[in-house]
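> Take this sequence and fold it.
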Amino acid sequence: MAITKQDMRKLQVLQNKTLRLMSRLGYEASTKELIDKCCELSVHQLVFYHTACQIYKIKLNRLPEYHFSRLFQNESQTKSNKKTRYAKKGILRVDFKLSIARSSFFYQAPQVWNALPQYVKSAKNLKAFKKKCKNWTKNNVLVKV
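As a prediction, this is how the structure comes out:
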């Protein structure tokens, strides 16, 4: 199941209200100020971070098989059994019609994974990946209002 932009906006408003209570900042404080003061990730950043963690787990464990084959089969083989320029770079490529849903996991997962730098993707274990991914997300994924 996917989350819509309207739902993300509503969640961000709720998070802002909670962060205002925690930080004791007024309504004039921006979302970025609230998030920085409380050392949190915005709703948009949280979605990015958790999607990245899920992809890392799928790649690490090769499970569920359907998800792994749908996301990573292009890394090892194509229809002609030759690596493509995308596969050589370790970039996920999922081919399906855009009309299915732009908010679906299989549409967004390649975008999230491809946005991560190689030093984050090549973490040795889940704990290291989470730490690197959270730091990178906080510094590089925009806080959407």
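> Leaving out sequence neighbours, find the closest residue to the spatially most central residue of the chain.
For the chain, the residue nearest the mean C-alpha position is Phe48 (2.6 Å; CA atoms, centre = their mean). Counting by CB to CB, 6 or more residues apart in numbering, Phe48 lies nearest to Val141, which is 5.0 Å off, once chain neighbours are set aside. Placement of C-beta: from N, CA and C, glycine included.
> Confirm for me that the residue nearest to the centre of the chain is in contact with Thr137.
Yes - using CB atoms under 8 Å, Phe48 is in contact with Thr137, at 5.6 Å.
> can you tell me how far the closest residue to Ser42 other than its chain neighbours sits from Lys57?
Counting by CB to CB, 6+ apart, the nearest residue to Ser42 once its immediate chain neighbours are dropped is Val143, at 4.5 Å. Val143 sits 26 Å away from Lys57, taking CB to CB, to the nearest Å as the criterion.
> More neighbours: which of these two?
Val143 (18 against 13; other CB atoms under 10 Å).
> so that one touches Val43, yeah?
No - with contact defined as CB under 8 Å, Val143 does not reach Val43; the gap is 9.3 Å.
> count of residues packed around Arg62?
11.
> Can you report how many residues lie near the closest residue to Gln12 other than its chain neighbours?
Leaving aside its chain neighbours, Gln12 sits nearest to Val43 (4.5 Å; criterion: CB to CB, 6+ apart). By other CB under 10 Å, 23 other residues sit near Val43.
> pLDDT score for Leu116?
Leu116 is assigned a pLDDT of 97 by the prediction.
> Leaving out the residues flanking it, which one is nearest to it?
Using CB to CB, 6+ apart, the closest residue to Leu116 is Ala52 (6.1 Å).
> so what's that neighbour up against?
By CB atoms under 8 Å, 6 or more residues apart in numbering, Ala52 lies in contact with Val112, Trp113, Leu116, Val120, Cys133, Thr137.
> now, which of these sits nearest Arg102?
Val112 (13.3 Å; CB to CB).
> Work out for me the element that closest one sits within.
Using DSSP states H and E, Val112 falls within helix 105-115.
> in the next helix or strand along the chain from that helix, what's buried?
Sequence order places helix 118-121 as the next helix or strand after helix 105-115, per DSSP H and E. Neighbour-count burial for helix 118-121, counted by 16 or more other CB atoms under 10 Å, picks out Val120, Lys121.
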